[in-house]
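S.K.: Prediction below, plus the sequence it came from.
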Amino acid sequence: QVQLVESGGGAVQAGGSLRLTCTVSRFTVRGACMSWFRQSPGKERERVATVDGDGRKTYAESVKARFVIARENVKNVLYLEMDRLQVDDTAMYYCAASWKRYCSATDDYAYWGQGTQVTVSS
């Protein structure tokens, strides 16, 4: 079955960097709409970054200019490069894949990973 496996999370001090990787199997990332979401205790799930089927990228306002989403078709993976991390970035991060070329609603995503924890300390 389709699997999305996130890795790269960890503990880092504020101002530091991490790169998350979503390794995808039995689903082709090329041309698909894919996103990174995050959720912390007591908060709603938030879409952090999206790359659509055309390669267009969008970001939550809170992470613009600090995070970069990228897709590597040959390796069939999705990345999230996170720089200048802040305490408020602490959350479980999930990648999600859609069969659609463009996605906006949570229901657009057919597959989700189990998540990787990012903890940012001051």
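M.R.: Received the coordinates, thanks. Model, not experiment: these values are computed from the prediction.
S.K.: Grab the most central residue of this structure for me.
M.R.: Residue closest to the mean C-alpha point of the chain, counted by Cα atoms, centre = their mean, is W36 at 2.2 Å.
S.K.: Write down the beta-bridge partners of that residue, one by one.
M.R.: Beta-bridge partners recorded for W36 (DSSP bridges): A49, C95.
S.K.: And for V77?
M.R.: T23, E72.
S.K.: Sketch out the strands for the protein, chain order is fine.
M.R.: Applying DSSP state E to the chain gives strands spanning 3-7, 10-13, 18-25, 33-39, 46-51, 57-59, 67-72, 77-82, 91-98, 109-112, 116-121.
S.K.: any idea of the angle the fifth one forms with strand 33-39?
M.R.: So the one you mean is strand 46-51. Here strand 46-51 runs at an angle of 160 degrees relative to strand 33-39 (axes from the mean of the first three to the mean of the last three Cα atoms, to 10 degrees).
S.K.: pLDDT on strand 46-51, on average?
M.R.: Taken as a whole, strand 46-51 has a mean pLDDT of 97.
S.K.: elements contacting it?
M.R.: Strand 46-51 makes packing contacts with strand 33-39, strand 57-59, strand 67-72, strand 77-82 when contacts are defined by 3 or more Cβ pairs under 8 Å, 6 or more residues apart in numbering; DSSP states H and E. For the C-beta atoms, the positions are set from N, CA and C on the backbone; glycine is no exception.
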